[in-house]
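Trainee: Take a look and give me a structure for this.
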Amino acid sequence: MDDRCFDDFVRSLATAPSRRTVLKGALAIAGTVLAGRSGSGVDAARRPLPSPTPARCPGTQHWNGTACSCDLGETKCGPACCPNGVAQCCDNACCFGTCYGEELCCPAAQSFCSMTNECCPPDEPHCCSADGCCANECCSGINGLLCCDGATPKCCGGNGNNVCIASGGCCSDADCEPVDGCTAGVCVNNVCSTVSACSGATPVCCEGTCAECCTDNDCPVCDVCTEAHTCEASGLERCGDQCCSGLEVCCNGANGNLYCTTCCPGIHQDCCATDGDCAQCETCDSGRCWNPALHFPCGPICCDGNNELCCQHDDGSHYCGSSEFQVHCGEKCCALSEGCCQHEDGSHSCGTC
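Mentor: Have a look, this model is predicted:
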């Protein structure tokens, strides 16, 4: 009974009604309470039960009624399903290749090199401890397995001291038959150990091989020794028993001896010791008079022949003008925007005539 119904009941008693009236009121209140309780029970019975939440599985897994699972022929791997015989579980992820480290995977087209902890591409399938992935087989060297690749794909040697050499190279004298022997991985003729073992066109013993030369000193004057150990001309002028440099010429001395110098007296007209020995606008360089800048005399001064003009002031003094912005007007130089006028007395002036 709520507070309002109870208060009404008390007031009714205070007014002293008849017993029949009181009994009717009590029965009415009890009926109201019972009706309210009966109504709430009916509503609860009519309310539908909530639907169960369907199970959710990660990745490609599905609910089999009791747990998340994979299809037949697959293995659970964290949230994924890995096909058996095709992929392996690599720290909760499918690896279609070789699994290494934590969730690190080399694709199936690559191979794993455990020595250097890297994936090798298909064109470098071999794993060498010293160089990692290699296109050719590894060569056991002093510092581990070497990769014989590129210009030196062949491995040769022995006792852990192997080296990589060119494909056509040799590892021993037996690889060079019928020629004389193997030197530094190359088959060579005329293998030698002393100078006396060499003669004829190859008189020098160079790195175990009889050759024409080993250094420039083995060649005639002004010739050089090439990498193939043959003598070739250097392009410099030979002067008796010496070789003249690029700026020198070979001169015949008074006693008939040949010598190198920059200028032969009596033969060349531009020999000099100082600039005073040269013509105006020339300089003395290495015993010869030169004018590399193409300077030309302009009174007592020199002007650049590439971009200057020789001009004269009204007082007769000279100066170098610009060939780009000026033109000759008699002995004068006028701006291109000005005119050049010749007067009756033969003199010239710049301006409008």
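
Trainee: pLDDT score for the residue most central in space within the chain?
Mentor: Residue closest to the mean C-alpha point of the chain, counted by Cα atoms, centre = their mean, is Gly150 at 18.9 Å. Listed pLDDT for Gly150 reads 79.

Trainee: helix/strand/coil for it?
Mentor: coil (DSSP: H, G, I helix; E, B strand; the rest coil).

Trainee: how about it, what does it touch?
Mentor: By Cβ atoms under 8 Å, 6 or more residues apart in numbering, Gly150 lies in contact with nothing. Backbone N, C-alpha and C define where each C-beta goes, glycine included.

Trainee: Can you give me the distance of it to Ala135?
Mentor: Per Cβ to Cβ, to the nearest Å, Gly150 is found 9 Å from Ala135.

Trainee: can you pull out the helices in this structure?
Mentor: 3-14, 19-46 (DSSP state H).

Trainee: neighbours around the residue nearest to Cys99 when sequence neighbours are not counted, how many?
Mentor: Of all residues not flanking Cys99 in the chain, Cys90 sits nearest, at 3.4 Å (Cβ to Cβ, 6 or more residues apart in numbering). Applying other Cβ atoms under 10 Å, we find 21 residues neighbouring Cys90.

Trainee: shaky segments in the chain?
Mentor: For the chain, the stretches with pLDDT under 70 are 1-48, 142-143, 157-161, 177-181, 189-191, 193-197, 254.

Trainee: Please look at His295 and Asn307 and confirm they touch.
Mentor: No. Applying Cβ atoms under 8 Å as the test, His295 and Asn307 come out as separate, 11.7 Å apart.

Trainee: So which of the two has more stuff around it?
Mentor: When His295 and Asn307 are compared for neighbours, His295 comes out ahead with 19 against 11, by other Cβ under 10 Å.

Trainee: and the more buried one, what is it in contact with?
Mentor: Listed by Cβ under 8 Å, 6+ apart, the contact set of His295 reads Cys281, Glu282, Cys302, Cys303, Asp304, Gly305.

Trainee: For ChimeraX, what selects the buried ones among those?
Mentor: Filtering the contacts of His295 down to the buried ones (16 or more other Cβ atoms under 10 Å) takes a single ChimeraX command:
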select :281,282,302,303
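
Trainee: What's the separation between Ser199 and Ala228?
Mentor: Distance, Ser199 to Ala228, using Cβ to Cβ: 19 Å.

Trainee: what sits up against stretch 112-131?
Mentor: With contact meaning Cβ under 8 Å, 6+ apart, stretch 112-131 is reached by 98, 100-101, 106-107, 109-111, 132-139, 141, 143-147, 149.

Trainee: Stretch 82-101 too?
Mentor: 73-75, 77-81, 102-112, 114, 117, 119.

Trainee: one more time with 10 Å, if that's ok
Mentor: With Cβ atoms under 10 Å, 6 or more residues apart in numbering as the test, stretch 82-101 has contacts from 59-60, 70-81, 102-114, 117-119.

Trainee: What of stretch 343-351?
Mentor: Outside stretch 343-351, the residues touching it (Cβ under 10 Å, 6+ apart) are 314, 326-335, 337-342, 353.

Trainee: who's Glu74 bridged to?
Mentor: Beta-bridge partners recorded for Glu74 (DSSP bridges): Pro83.

Trainee: Could you count how many residues lie near Cys250?
Mentor: Applying other Cβ under 10 Å, we find 16 residues neighbouring Cys250.

Trainee: Quick check: it touching Thr262?
Mentor: No. The pair Cys250 and Thr262 does not pass the contact test of Cβ atoms under 10 Å, sitting 11.2 Å apart.

Trainee: what do the two both touch?
Mentor: Residues touching both Cys250 and Thr262 (Cβ under 10 Å, 6+ apart): Cys244.

Trainee: that older thread, need the residues touching each of His295 and Asn307.
Mentor: Counting by Cβ under 10 Å, 6+ apart, the contacts common to His295 and Asn307 are Cys320.

Trainee: separation between Cys70 and Ala108?
Mentor: 21 Å.

Trainee: For the two, indicate the residue with more neighbours.
Mentor: Cys70 (20 against 12).

Trainee: nearest residue to that one other than its sequence neighbours?
Mentor: Cys81 is the one closest to Cys70 (Cβ to Cβ, 6+ apart), at 3.7 Å.

Trainee: Counting neighbours, what do you get for the one you found?
Mentor: When counting by other Cβ under 10 Å, one arrives at 24 neighbours for Cys81.

Trainee: Identify the residues contacting it.
Mentor: 57-62, 68-71, 73-75, 87, 89, 94.
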